[in-house]
Every structure is written in C-alpha cells, then in structure tokens.
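Q: Structure, please.
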Amino acid sequence: MMESADAARDAETFEGFVAGFVEGLLRAGRLELSLQVRRDGETLQVVLEGPDSDLLLENSARVLYALEHIVNQVIYRRGHGDGKVILDCNDYRNTRMLELQLLARKAAEKVKTSGASFSFQPMPAVERRIIHLTLAEDQGVRTESSGLGTNRHVVILPGH
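A: Presented below is the predicted three-dimensional model:
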C-alpha cells in the first residue's frame, strides 16, 4: 500500500514538473497557449491550444517537435520519471499520422505499379516510423531511411 502511495506522489510530481517546465518555455517564448496534461500509461501527453498554435505548427510542426525534444532531454537529464512526454497541438499528431498512412499506401501502390522507388521529403523520426510501420506487412514493398540529420527521409522500394 505504501508503494502505491509513493508511485502516485511520484506521478504527480512528474506531471507537475513537466507542466511547470512547459509553462516556463511558453512564457519565455511569449507564446499565448494554454496546456492540459494527460497520462496515457507510460506516456505523458501535453496538449497545447491557443492563439499562437499556428506558430507551433508552421513548417511541418518543427517548433512543436523541437519543444518536445527539449522537454524530453531535460526530463532524461534530471532523472524525472521513466516516461516519455509527447506534445500535441490542435490534434496535429493524429491528423498527421492519418495523412502519412494514406501517403505511404498511395506511394506503395505507385512503387508496385511502376517498379521504381519513391522517396519522401525529409521528416522527423517519429513521422518516418509511421511510414515504416504502415508498410511493414506489405510484401510488395520494403522501406528504408536514407540521408543524414535533417535530410533523413523514407524510401519505398519494390519488395523482394
């Protein structure tokens, strides 16, 4: 019983730390956004909304992903919790996942029809992973990541 009380207190402390840290980042950036923290198993989701949402989502949500990276690096380096933090804004993550799944399936059909490989534009690792997982069971194609750093992208190749 004592362990569950300790675990609950640690979870509250972790969630409080994350919320406070993200609020501090938003204040420092003078961004007019509110946040809501939700627990989903080991993952803590921070949902951002407000008048400055478009600033986070410009340029394929690079600022949103950058903020998420900073938050996770700080958490890891300070030893706060074993969970991961995911930032989202205006349901961008779900919408983008559905879009990437559709694009992956269409590109796979094009590769199977033409026999030629297809390269996506560079994208963050989390987005590349969605494409890889979407096509993992499709025997007609295979996927691989290519390029370095910010130029890393997914290539769909004919299956073997």
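Q: the helices in this structure, which residues?
A: Secondary structure of the chain (DSSP state H): helices at 2-28, 53-78, 92-114, 125-135.
Q: Just name the most buried of the ones you listed.
A: Comparing the helices of the chain by mean neighbour count (mean count of other C-beta atoms under 10 Å), helix 125-135 ranks first with a mean of 18. Quick note: C-beta positions are derived from backbone N, CA and C, even for glycine.
Q: ok, and what's touching that one?
A: With C-beta atoms under 8 Å, 6 or more residues apart in numbering as the test, helix 125-135 has contacts from 65, 96-97, 100-101, 103-105, 108, 120, 141-143, 145, 152-154, 156.
Q: What residues does the nearest residue to residue 56 once chain neighbours are set aside make contact with?
A: Distance criterion C-beta to C-beta, 6 or more residues apart in numbering; nearest residue to residue 56, sequence neighbours excluded, is residue 64 at 4.4 Å. Contact analysis of residue 64 by C-beta under 8 Å, 6+ apart lists 48, 56, 57, 87, 88, 89, 92.
Q: let's see it at 7 Å
A: The contact partners of residue 64, by C-beta atoms under 7 Å, 6 or more residues apart in numbering, come to 56, 57, 87, 89, 92.
Q: what do you get for residue 112?
A: 140, 141, 158.
Q: Format these as a markdown table; extra columns: neighbour count, distance to residue 43 and pLDDT.
A: Putting the contacts of residue 112 into a markdown table (neighbours: other C-beta atoms under 10 Å; distance: C-beta to C-beta, whole Å; pLDDT from 0 to 100) gives the following:
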| residue | neighbour count | distance to residue 43 | pLDDT |
| --- | --- | --- | --- |
| 140 | 13 | 33 | 95 |
| 141 | 22 | 30 | 97 |
| 158 | 15 | 36 | 96 |
